[in-house]
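Novice: The following comprises the amino acid sequence and a computationally predicted model.
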Amino acid sequence: LGLDYYPQEFEIIGFNEMIGYEAYVGMPSRYPHWSYGKAYEKNKTLYSFNLTGLPYEMVINSDPCLGYLMRENTLLQILTMAHVYGHNDFFKNNRLFREGTKAYYTIEMFKLDADIIRDYINDPNIGYDKVEKILDAAHALRFQIPRVVEQIKKALIDEYNSKVDNKGAFDEKEEIILPNLNKIPLEPCDDVMGFIIRYSSLEDWEKNILKIVKRESEYFLPQIETKIMNEGWASYWHYTILNELKLESGLHFEFIKRHNDVIAPILGGLNPYYIGFRVFQDIEKRYGREKMFEVRYLERDNSFLRKYLTQDLCEELNLFQYAKKNFEFVVEEVSDEDGWKSIRDTISDTCGVGGIPYIRIVDFNRNDGTLTLEHVYDGRELELLYAKETIKYLFDLWGHKIVLKTKTKEGRQIELTCDNERKVIVN
């Protein structure tokens with residue numbers, strides 16, 4: 001079939017163990033923090049009242065690849081195993097995972113991180129309360145890390161040299177200003193976590209905790225960026241593999257039922273399994289299976305949907321766009337000749353890290369330590385209650401005044417300021 005995957009290991013577990021692994025995002029070892037216990041109790045309570053189900057499987061991007069299978073998966077455990085192999089192939093071959101993670105080191109990295117933080121907790125000079133305070137703040141900012149890697153200083157110098165080299169006879173009076181390479185940051189910086197690690201006055205052990213949270217967040221970033229593709233790819237392959245097996249009619253009906261349960265559309269929402277599965281099927285139909293493997297290697301959800309979610313698919317999937325106006329929800333767009341592109345763009349813009357506000361550091365005042373940040377407005381306003389609590393956590397790490405600039409849909413500028421007493425004022 002053409003799949004290329006890491007060696008695969010399976011572990012059969014019960015529902016209690018699956019709830020635990022869900023809370024710890026599948027890792028056999030993770031540093032202690034109250035948020036994991038909260039997630040465990042929430043999932044266990046919802047499951048006990050039959051308000052939510054549990055995943056059939058959970059797969060870890062590691063080499064060898066580790067897959068947890070629910071013991072209660074009935075006779076068609078093989079469907080779940082085929083699904084796991086689809087994920088395994090995606091982890092090994094998608095560009096974001098190949099360039100952004102080290103699969104051979106995954107389990108060891110999380111275990112080492114857990115050991116380091118436990119050592120800080122057990123250190124009588126530090127203790128749990130101090131560690132928890134740093135972890136709370138780090139978790140609030142954990143995905144404020146780079147989305148695009150670039151060498152800013154080199155880019156600024158290259159731009160200056162290019163302007164000098166291309167200066168013509170008619171530009172003699174134009175002054176080309178040498179960039180201030182001592183400014184911090186040189187350009188708006190989206191690596192908020194990295195900036196704090198480098199320039200704050202935190203102690204070494206505190207910075208080490210931030211490095212751990214940042215490193216683990218970077219590990220999960222490719223999964224966030226490829227959720228639709230990853231689940232669609234795995235669903236396509238479990239469907240293809242089980243059809244190849246030519247099961248007897250009784251098992252085939254159970255397979256079809258389980259498959260339909262996985263990809264069933266969600267009323268009022270989007271099922272990433274369904275969207276990804278149908279788009280990959282359409283790619284195979286229009287371009288062939290070889291193109292599917294190329295797409296699996298190159299794309300992330302944003303580009304995947306922009307390129308391959310067509311008008312025909314939007315119509316078949318019954319996609320529409322709604323919004324809240326005043327006190328009512330209204331349908332804004334439907335999948336017709338005019339509306340389908342807007343629907344496609346909205347989904348692609350808000351998937352992956354597109355659902356996380358894009359915050360950049362624009363200035364660091366060396367005199368009083370004030371740190372100024374801006375929210376890159378994209379048509380969506382910040383949730384101010386959430387923003388106010390988040391900049392308090394940023395203040396806990398930075399230790400000086402924080403200013404966050406954003407704006408409303410009407411274009412009104414808003415400035416949130418966290419002063420040196422941890423009080424937030426909105427102007």
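Specialist: In hand now; what should we look at?

Novice: pLDDT value on Glu17, please?
Specialist: On pLDDT, Glu17 comes in at 93.

Novice: So, low pLDDT: which residues of the stretch 151-300 of the chain?
Specialist: 151-183 (pLDDT under 70).

Novice: Would you map the helices across it?
Specialist: 152-165, 192-199, 204-225, 227-244, 249-263, 272-287, 289-298 (DSSP state H, counting those that start in this stretch).

Novice: Columns mean neighbour count and distance to Gly86 on top of these, output as CSV?
Specialist: C-beta here means a position set from N, CA and C on the backbone, and glycine is covered the same way. As requested, those are exported to CSV (neighbours: other C-beta atoms under 10 Å; distance: least, C-beta to C-beta, whole Å):
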stretch, mean neighbour count, distance to Gly86
helix 152-165, 12, 38
helix 192-199, 19, 32
helix 204-225, 19, 14
helix 227-244, 22, 3
helix 249-263, 15, 12
helix 272-287, 19, 10
helix 289-298, 15, 10
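
Novice: Distance to Ile359 for the ones you listed - can I get that in a markdown table?
Specialist: Putting these into a markdown table (distance: least, C-beta to C-beta, whole Å) gives the following:
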| stretch | distance to Ile359 |
| --- | --- |
| helix 152-165 | 17 |
| helix 192-199 | 6 |
| helix 204-225 | 14 |
| helix 227-244 | 22 |
| helix 249-263 | 35 |
| helix 272-287 | 25 |
| helix 289-298 | 28 |
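
Novice: and of these, who's closest to Ile361?
Specialist: helix 192-199 (5.4 Å; C-beta to C-beta).

Novice: Ok, which of the helices of the stretch 151-300 of the chain comes nearest Tyr393?
Specialist: helix 192-199 (10.7 Å).

Novice: Let me have the closest one in CSV, keeping just the CA atoms, if that works.
Specialist: Taking C-alpha atoms only, helix 192-199 is exported to CSV below (Å, rounded to 0.1, in the frame of the first residue of the first chain):
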residue,chain,number,x,y,z
VAL,A,192,7.3,35.5,24.0
MET,A,193,8.5,32.4,26.0
GLY,A,194,12.0,32.6,24.4
PHE,A,195,12.2,36.4,25.1
ILE,A,196,11.5,35.9,28.8
ILE,A,197,14.0,33.1,29.1
ARG,A,198,16.7,35.3,27.5
TYR,A,199,16.1,38.7,29.0
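
Novice: Any idea which of the helices of the stretch 151-300 of the chain gets closest to Gly100?
Specialist: Short answer: helix 204-225, nearest of the helices of the stretch 151-300 of the chain by C-beta to C-beta, at 5.0 Å.

Novice: Next, the residues that contact that closest one from outside, please.
Specialist: The set of residues that contact helix 204-225 without belonging to it, under C-beta atoms under 8 Å, 6 or more residues apart in numbering, is 25, 31, 61, 94, 96-97, 100-101, 106, 109-110, 113, 116-117, 120, 126, 131, 134-135, 138-139, 142-143, 145, 193-194, 196-197, 200, 202, 230, 300-302, 352-353, 397.

Novice: That helix vs helix 192-199, what angle?
Specialist: With axes from the mean of the first three to the mean of the last three C-alpha atoms, to 10 degrees defining the directions, helix 204-225 sits at 160 degrees from helix 192-199.

Novice: Dump helix 204-225 to CSV, restricted to CA.
Specialist: C-alpha atoms of helix 204-225 as CSV (Å, rounded to 0.1, in the frame of the first residue of the first chain):
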residue,chain,number,x,y,z
ASP,A,204,18.4,29.7,36.5
TRP,A,205,16.0,27.0,37.8
GLU,A,206,13.0,29.1,36.9
LYS,A,207,14.3,29.6,33.3
ASN,A,208,15.0,25.8,33.1
ILE,A,209,11.3,25.2,33.8
LEU,A,210,10.3,27.7,31.1
LYS,A,211,12.7,25.9,28.7
ILE,A,212,11.0,22.6,29.5
VAL,A,213,7.5,23.9,28.9
LYS,A,214,8.6,25.6,25.7
ARG,A,215,10.3,22.4,24.4
GLU,A,216,7.3,20.3,25.1
SER,A,217,5.0,22.8,23.5
GLU,A,218,7.2,22.8,20.4
TYR,A,219,6.8,19.0,20.3
PHE,A,220,3.0,19.3,20.3
LEU,A,221,2.9,22.2,17.7
PRO,A,222,3.0,19.9,14.6
GLN,A,223,0.0,17.9,16.0
ILE,A,224,-2.0,21.1,16.5
GLU,A,225,-1.1,22.3,13.0
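
Novice: filter the contacts of helix 204-225 to the buried ones?
Specialist: The neighbour-count test (16 or more other C-beta atoms under 10 Å) marks 25, 31, 61, 94, 96-97, 100-101, 106, 109-110, 113, 116-117, 120, 126, 131, 134-135, 138, 142-143, 145, 193-194, 196-197, 200, 202, 230, 300-302, 352-353, 397 as buried among the contacts of helix 204-225.

Novice: Any buried residues in stretch 70-88, and which?
Specialist: Quick answer for stretch 70-88 (16+ other C-beta under 10 Å): 70, 73, 76-88.

Novice: quick one: average confidence on that stretch?
Specialist: 90.

Novice: And the residue nearest the centre of this structure?
Specialist: The centroid of the chain falls nearest to Ile224 when counting by C-alpha atoms, centre = their mean (3.0 Å).

Novice: how close does it get to Ile145?
Specialist: Ile224 sits 11 Å away from Ile145, going by C-beta to C-beta, to the nearest Å.

Novice: All the strands of the protein, residue numbers only.
Specialist: Along the chain, counting by DSSP state E, strands occupy 8-13, 57-60, 65-70, 320-325, 328-334, 359-364, 371-375, 402-407, 413-418, 424-426.

Novice: by how many degrees do the fourth one and strand 328-334 diverge?
Specialist: Meaning strand 320-325. 150 degrees.

Novice: Name every strand pairing with strand 320-325 and say which way it goes.
Specialist: Strand pairing for strand 320-325, determined by DSSP bridges: strand 328-334 (antiparallel).

Novice: contacts for the strand it pairs with?
Specialist: Contacts for strand 328-334 (C-beta under 8 Å, 6+ apart): Phe320, Gln321, Tyr322, Ala323, Lys324, Gly339, Trp340, Ser342, Ile343, Thr346.

Novice: which two in the residues you listed are spaced the farthest apart?
Specialist: Between all members of the contacts of strand 328-334, the farthest pair (by C-beta to C-beta) comes out as Lys324 and Trp340, at 21.7 Å.

Novice: Show the low-confidence segments of the stretch 1-150 of the chain, by residue range.
Specialist: Using pLDDT under 70, the stretch 1-150 of the chain drops low at 75, 148-150.

Novice: quick one, helices of it?
Specialist: So, for the stretch 1-150 of the chain - with DSSP H, counting those that start in this stretch - the helices run 15-23, 34-48, 77-93, 95-100, 106-122, 127-141.

Novice: Good, we can wrap up now.
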